[in-house]
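In: Quick one, what's the 3D model for this:
(2 chains)
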2 protein chains.
Amino acid sequence: MSNIIDGRSLAKKVNQETADMVSELNEQGKNPCLAVIIVGDDQASHRYVRSKHKKAQQLGIKSIVKALPAETTEDELLNILNDYNHDDDIDAILIQSPLPKHINEKYVMSQINPDKDVDGFQVINSGKLFLNEQSNYPVACTPKGVMTMFEEYGIDLKGKKAVVIGRSTIVGRPMAALLINAGAEVTVLNHYANIKEYTLDADIIVSATGKVNTVTESDVKDGVVVIDVGQNVNDEGKLVGDVDYDGIAKKASYITPVPGGVGPMTIATLMRQTVELSKWSDING
Amino acid sequence: MSNIIDGRSLAKKVNQETADMVSELNEQGKNPCLAVIIVGDDQASHRYVRSKHKKAQQLGIKSIVKALPAETTEDELLNILNDYNHDDDIDAILIQSPLPKHINEKYVMSQINPDKDVDGFQVINSGKLFLNEQSNYPVACTPKGVMTMFEEYGIDLKGKKAVVIGRSTIVGRPMAALLINAGAEVTVLNHYANIKEYTLDADIIVSATGKVNTVTESDVKDGVVVIDVGQNVNDEGKLVGDVDYDGIAKKASYITPVPGGVGPMTIATLMRQTVELSKWSDING
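Out: Next up is the predicted model:
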């Protein structure tokens, strides 16, 4: 019988801590500020941006949303980004993906000031994570949120067999690096691997493939910890994760549900990281 | 019965290719140049630097060795480095480790121009490797040399079970990233792991622990490929690797000896990467 890792209630706790950190910083005359740039009319993107804006405001974080028309040129976007990069009042910058096709998204993203890279996607920040540098730098929010789950639920990582399924730059790779840095024995799998050969013996499984039923009951051992990063829509139009929740829940010691698991932690981590960037900007000068 | 991966003869082949690349570049009026900075009197370090100098000269690479006294200050060293960073005639810079204790080695190393980072240790270059960027950047020479071995001996990596033992920033981590990028299913182990649980099923094992007998005959399956990065001195004062060569050779399809395996490939890769940096500096402007 599994313990459910309740992402919603943990996100609330993290958000409360974030709000407290904001109050402390306010007392020091500092107002943490997140700037989000969105280009074009994609409705889903606008919805994400609104929910980030609302959450930031709830926590006392100053939130700037710069909504630009779809016909914005790359140069215009870069000029605005450059202003934000140099604006001492802005601690964190997020450019909502996807950008319109006439803009080189990869290049624009690479121009975010690494000290304000709240998504943690910059090459330099990824390199620090990969090399396990002992300093302050932002880390991709989804895997960082997963680490908070391990911590909160007292799930020990040192020497544990961890399997990460999926090798994306925004989830799989940083997740693997965080687990390696925490002393786990980490296997990184392609989504087409014969999963079972690796998962059957795993203490911890993180699935980030975006494929329904990537991991099923017969793929895991009793007592496994399963973290499901997937957000998929199944045949019945229902939001489900990568793993067979009902089957695995019978065997797992801990499991994250979808929805209500990793998802809420990602945005909570984004908010906390905004405030951390604000704190670090003081420390780093 | 194993095939021995002959690092010495492969290094000769790579060196010949490097010399040919140098000739081509010379014809275009370009003279690849490696600058090595060494501080202090450490005899082993001076020996390494001399062998690099000699090899570079053999291959037609211009070699500058800047030998500085032990009492050189950090500022003096940084000034020289700054000159080299901005000198268009210098393509590759290597600062020989260790530096004297009064110098912050980590900081000085971080100040090498990333485009001249022939060791591939810079955070930005490590980040590109970790994120599998499809552009030209230097990579740590030892694991890059191992990849040349796989290529030369036709050892397929895609979907293969690879185990990397050791998580150092200069061997284990970049080796793991290269294998992940090549499509292998990669496990990264701490040296204290129960190795056998992972190696017994592995298609490819790379050991970089610096501990004699890290992997022995009973730890591997028939047909395994074993790459031994270790350079250890055993009880009889003999240079040996991390793995029990004689035992494993009975079962492995390919194995690298020590000496004569990975070692010669590291310096050959360093030379080739110097020439690559020279070529890339043209392409990148």
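
In: A helix includes A:A202, no?
Out: No - assignment of A:A202 by DSSP: H, G, I helix; E, B strand; the rest coil gives coil, placing it outside any helix.

In: now it, nearest residue through space, not along the chain?
Out: In space, and not counting its chain neighbours, A:A202 is closest to A:V163: 4.3 Å by Cβ to Cβ, 6 or more residues apart in numbering or on different chains. Every residue, glycine included, has its C-beta placed from N, CA and C.

In: Contacts for whichever strand or helix holds that neighbour next, please.
Out: Using DSSP states H and E, A:V163 maps to strand A:161-165. Residues from elsewhere that reach strand A:161-165 (Cβ atoms under 8 Å, 6 or more residues apart in numbering or on different chains): A:172, A:175-176, A:179, A:184-189, A:191, A:193, A:195, A:198-199, A:201-209, A:214-215, A:242, B:197.

In: Centre of the chain to the next helix or strand after that strand, how far?
Out: Using DSSP H and E, the next helix or strand after strand A:161-165 towards the C-terminus is helix A:172-181. With Cα atoms, centre = their mean, to the nearest Å as the basis, helix A:172-181 stands 12 Å off its chain's centre.

In: what do you get for stretch A:81-100?
Out: On the basis of Cα atoms, centre = their mean, stretch A:81-100 sits 18 Å off its chain's mean C-alpha point.

In: Can you tell me how far the residue nearest to A:I103 when sequence neighbours are not counted is from A:V39?
Out: Nearest non-adjacent residue to A:I103, counting by Cβ to Cβ, 6+ apart: A:E74, 4.7 Å away. Taking Cβ to Cβ, to the nearest Å as the measure, A:E74 falls 10 Å from A:V39.

In: which neighbours do the two share?
Out: Common neighbours of A:E74 and A:V39, counting by Cβ under 8 Å, 6+ apart, are A:I103.

In: the more surrounded of the two?
Out: Legend: neighbour count by other Cβ atoms under 10 Å in any protein chain shown for A:E74 and A:V39, higher for A:V39 (26 against 16).

In: Could you double-check that the more buried one lies in contact with A:H102?
Out: No - judged on Cβ atoms under 8 Å, A:V39 makes no contact with A:H102 at a distance of 10.1 Å.

In: Just give me the neighbour total for the residue nearest to A:A202.
Out: By other Cβ under 10 Å, the residues close to A:V163 number 29.

In: Ok, A:G60 next?
Out: 17.

In: give me the element it is part of.
Out: Per DSSP H and E: nothing holds A:G60, as it lies in no helix or strand.

In: got the residues of chain A near chain B?
Out: Contact residues, chain A versus chain B (Cβ under 8 Å from any Cβ of the partner chain): A:122-133, A:159, A:161, A:167, A:169, A:173, A:176-177, A:180, A:183, A:185-190, A:192-193, A:197-198, A:201.

In: Which among the residues you listed count as buried?
Out: For the residues of chain A next to chain B, a burial check counting by 16 or more other Cβ atoms under 10 Å in any protein chain shown picks out A:122-131, A:133, A:161, A:167, A:173, A:176-177, A:180, A:183, A:185-190, A:193, A:198, A:201.

In: list the contacts for the closest residue to chain B within the stretch 1-150 of chain A?
Out: Going by Cβ to the nearest Cβ, chain B is nearest to A:G127 of the stretch 1-150 of chain A, at 2.7 Å. By Cβ under 8 Å, 6+ apart, the contact list for A:G127 reads B:122-128, B:130.
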